[in-house]
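> okay, predicted coordinates and the sequence, questions at the end:
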Amino acid sequence: MKRIPLKINLILTIAFLIGIYFFLSNVSVLGDYWSRIVTLVAIYSIMAVSYTLVNGITGIFSLGQAGFIAIGAYTSALLTLSLQQKEMSFFIQPLIWPLNSIQIGFLPATIIGGLVAAFFAFLIGYPSLRLTGDYFAIATLAFAEIIRILIQNLYGVTNGTLGLKGINPYTNVWWAWGWLLVTVLIIGSLKYSSYGRALRAISEDPVAAKVMGIDVFRHQMMAFVISGFFAGISGALYAHWITTLDPRPTSLGVMLTFYVLIMIVIGGLGSITGAILGAIFFAFVSQWLRIFESNITIFGFTIPGVPGMSMLILSVLFIVVMIFWRRGLMGKEELNWQKIYNFFKKVEVQNE
Amino acid sequence: MDIGLNALIQNIFNSLSLGSLYALIAVGYTMVYGILRLINFAHGDIFMMGTYFAFYAITIFFLPWYLGFLVAILITGLLGFSIEKIAYRPLRNAPRISSLITAIGMSFFLESFAVVVFGGIPKSFNVYPKFFSDIILIGQSRIPLLTFITIGVTFFLFLILWWILYKTKIGLAMRAISVDIPTTSLMGANVNNVISMTFVLGSTFAAVAGILWAMKYPQVQPYMGFTPGLKAFIAAVIGGIGSIQGAIVGGFLLGFLEIMIVGFFPSLAGYRDVFAYVVLVIILMFRPTGIFKIYSEQKV
Amino acid sequence: MNENILKIDNITVKFGGLIAVDSFSMYINKGELIGLIGPNGAGKTTVFNAITGIYKPQSGKIFFKGIDITGQSPQLINQIGIARTFQNIRLFSDMSVMENVMVGQHSYFTNGKALKFLHKHDPSFPKPSWRPWLVGAILKTPSYLKAEKTMKEKAFELLKKMGLQKYADFKASALPYGQQRKVEIARALATNPSLLILDEPAAGMNPHESEELLETVKKIMKEFSLTILLIEHDMKFVMNLCERIYVLDYGKLISHGSPYEVQNDKKVIEAYLGDEVYA
């Protein structure tokens, strides 16, 4: 097949970005509901891309993603909530100083959310990364649960089970997609650098990587912390999208980790573009499958909706992908113009 | 002083019954891990399914409670058997992470299934005979009969397990496979059958634990398996994953730890679930092989 | 200064109750080519694993350039100048041949820890300076891009020297066996070693390929002024190449000397004959 020259590649990429720009600027045409979904897609994508950096590219299996998302969400929300709202919400136990007397802008709050999550990733990674395989998975899961239970109990900081309400709905299409662009640029640039090569080497054979002089622990830690940072960012965006937070296991707990895991498994573990495709897929399919959860009327017969149906179908799909199609949509590779070109060329050849 | 002693007796019995439940679930984790090196993430949800089976066997099919429980336990065994056959067997030679992900998917599936079929709203598990809740007085301490039943049933099941493992052919094969799959299949044991049997056994134990659990906290809901499952897994790790004695000891240790800490420091009640995780982290840091060391570090 | 580039002093490695290497000692002078032979299961690879830090010996010491490296991590041992290949090829099979070699160069750019270690033991080594390579790599700063370019050129040069340039963009796993062994050597060379340890480099090669490899090994040894330690079953290969040979059996050193001496040592003949009788 013909190789696409760099210039055309660049032009196509710019055209694609401009296309996205126009799509996003006119997203309101889709109506309020769907433009919110378009925003959610970007938030999910950030979650998925940051998760695939650890679970796909570095090849260590963490189950702690929801913990970092929760930290980012709570940290940023506590920083942007208005003082009156804070006083109103925290009626069991007043919010501790200094959180009760500050309110800062969305951007710094998001970044601080990311940094706090990254710091926790460092604290958690330090002991956990000495473990391998399933032990690491379980340790990170335990840490995420510890974080959730702390959030549930520290009334003076997080308002406990009452959760946070009235968070400003700052997250719009631009914030979400802007941060996604930053995430993809940074993690993509990392993947295609000397460090990225080292990470991929670690994921294939940690012992051989060590013998090549690579400090496996440090590199895994680096990936884990960067992933934690962007998970925190996604949490901050999510908090200001959904506007209420609570520490139930089904909202910011292990369930969220499962969702993100579904995205990256469907997209292909280790692929950034795959993670985004997985996120898009998850967001739209889980919305679309909701039709099974409301009543459907066909020829005058009403089939009652069944709540939870969408997750049931997604979980079946997830298992089927794991058994029959383990590389997912993209495997470890990235979607690029060359692949799209090759694909259409193949279709053309078949049609002739 | 008297009150303190009573509280202590109460706490000891509570610890024993909670520990029994953890141990019953943990045995399932540890047997599967011993044989397949797989954390059967869905095990906690198998536990949950067992309680629903019992609930419906009694409420819809009007079975007497003892028959309902028995049927539920058998169906749960069958469920474990099918899960292994459908989801785990195709991935047996895949990278271990793939089977772990599939197990997570299976857990997610069972939970969603329960939400769809049984409904997401907790149901009151009031299908057991009322005399289970009778109070027995030990000194001044009031202990429900259920606590004794729980401890007794657990003890009985562990005797059966011991008998299976050490007195039957399939038990011998199970122990052999947990050491080395290739050699055992050379020796003529049918590895597939043994693995299936392990899942059946683990699942029936989980079902018993589930029913006992549902009577203790008398309600059932689709996500009820997650926390006990995770804690039982932690119990298995504390004892040394792969070791059955370890799982039992770990289960009781965890039971005592939870009840006693809350008993002595009631203000920590909200953090009750944290203890297990903290213990897990400490164990993994300092003695990842657990109390009963089964696996030494992998050879490179 | 110490003449020995590597000195092993009475190391013992045990796995549970099994003694894999039993108070084994050896030395290698700078510029030598040393063979380590012995029947299967004699503990040769375990010696390699102990030298490269994968296993920690229960007793005994290992010195590299006079520095005690016993119990140091594999990455540090590699960074200060010991590189190796594996008996069962362990390339990064999903990556291209070029990338494999470039992975070998990575630590060279981030070797602060190794330099600190060396500097502590011998102040004539340069002091480490902190280089913000990670940030540079993400932001693609000019200095990083320059380094990346140098890495690429060096890697390509290495591939050329091993006669692998035409495979540069191939997936490592797509190469024939013999070529994969060579890629592994190129990858090891990319870490800038002064001691190269080869674990059965000619295994699975036909006589022609192994002849070719023999020439390559001689060539790179001269060109990179390397010291080489190798395990090999191909006796012709060992006898032709090595200056001195150590013979292991059941974890114990049973003979040591020139190829001629070793070949005529009764103990060695017994060990090998015994092996054949059982085989």
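Done, it's in.

> please make it C-alpha for all contacts and neighbour counts, starting now.
Will do.

> residues contacting the spatially most central residue of chain A?
Note on chain A: the residue nearest the mean C-alpha position is A:Met47, at 0.9 Å, using CA atoms, centre = their mean. Applying CA atoms under 8 Å, 6 or more residues apart in numbering or on different chains to A:Met47 gives the contacts A:69, A:230-231, A:234, A:260.

> ditto for A:Ile4
A:337-338 are the contacts of A:Ile4 under CA under 8 Å, 6+ apart.

> and if you look at C:Met221?
C:227-228.

> mean confidence for the helix or strand harbouring it?
For C:Met221, the host element (DSSP states H and E) is helix C:207-223. Averaged across helix C:207-223, pLDDT comes to 88.

> so how far is that helix from its chain's centroid?
Centroid separation between helix C:207-223 and its chain, computed with CA atoms, centre = their mean, to the nearest Å, is 15 Å.

> now do the buried residues in it.
C:210, C:213-214, C:216-217, C:220-221 (16 or more other CA atoms under 10 Å in any protein chain shown).

> repeat for stretch B:167-182
B:170-171, B:173-179, B:181.

> cool, and stretch A:157-173?
Applying 16+ other CA under 10 Å to stretch A:157-173 flags A:157-168, A:170-173 as buried.

> ok, stretch A:31-43 next?
Per 16+ other CA under 10 Å, stretch A:31-43 contains these buried residues: A:35-43.

> follow-up on the earlier one: which one of the buried residues of stretch B:167-182 is nearest chain A?
Checking those against chain A with CA to the nearest CA, the nearest one is B:Ser178 at 17.4 Å.

> my read: the closest one touches B:Gly34, true?
Yes: using CA atoms under 8 Å, B:Ser178 is in contact with B:Gly34, at 5.0 Å.

> what residues are shared contacts of those two?
With CA under 8 Å, 6+ apart, B:Ser178 and B:Gly34 have common neighbours B:Gly242.

> return the residues of chain C in contact with chain B.
C:Ile54 (CA under 8 Å from any CA of the partner chain).

> can you name the residue of chain C nearest to chain A?
Counting by CA to the nearest CA, chain C gets nearest to chain A through C:Gln75 (3.8 Å).

> grab the nearest non-local neighbour of B:Ala26.
Counting by CA to CA, 6 or more residues apart in numbering or on different chains, B:Ala26 lies nearest to B:Ala232, which is 4.6 Å off, once chain neighbours are set aside.

> so the one you found, which of the three states?
helix (DSSP: H, G, I helix; E, B strand; the rest coil).

> what's the answer for B:Gly263, then?
helix.

> pull the number of nearby residues for it.
By the criterion of other CA atoms under 10 Å in any protein chain shown, B:Gly263 has 18 neighbours.

> endpoints of stretch C:189-204, how far apart?
Separation of the first and last residues of stretch C:189-204 by CA to CA, to the nearest Å is 21 Å.

> show me what counts as buried in it.
Quick answer for stretch C:189-204 (16+ other CA under 10 Å): C:189-203.

> which of those residues sits closest to C:Glu232?
C:Glu200 (4.5 Å; CA to CA).

> contacts only, for the closest residue in space to that closest one that isn't next to it in sequence.
Using CA to CA, 6+ apart and skipping the chain neighbours, the partner closest in space to C:Glu200 is C:Glu232 (4.5 Å). When contacts are counted by CA under 8 Å, 6+ apart, C:Glu232 touches C:35-37, C:199-203, C:238.

> may I see the residues you listed organised as CSV, with pLDDT and secondary structure added?
Formatted as CSV, the contacts of C:Glu232 follow (pLDDT from 0 to 100; DSSP: H, G, I helix; E, B strand; the rest coil):
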residue, pLDDT, secondary structure
C:Gly35, 92, strand
C:Leu36, 92, strand
C:Ile37, 90, strand
C:Asp199, 92, strand
C:Glu200, 89, coil
C:Pro201, 88, coil
C:Ala202, 86, coil
C:Ala203, 83, coil
C:Val238, 85, helix
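
> between those, which is nearest A:Arg248?
C:Asp199 (54.5 Å).

> how close does that closest one get to A:Asp134?
31 Å.

> work out for me the element the residue of chain C closest to chain A sits within.
Going by DSSP H and E, C:Gln75 is in helix C:74-79.

> got the CA coordinates for that helix in PDB?
Output of helix C:74-79 as PDB, limited to C-alpha atoms (Å, rounded to 0.1, in the frame of the first residue of the first chain):
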ATOM      1  CA  PRO C  74      19.800  -5.400  37.600                       C
ATOM      2  CA  GLN C  75      19.300  -1.900  36.200                       C
ATOM      3  CA  LEU C  76      22.100  -0.400  38.200                       C
ATOM      4  CA  ILE C  77      24.400  -3.300  37.300                       C
ATOM      5  CA  ASN C  78      23.600  -2.700  33.600                       C
ATOM      6  CA  GLN C  79      24.100   1.000  33.900                       C
END
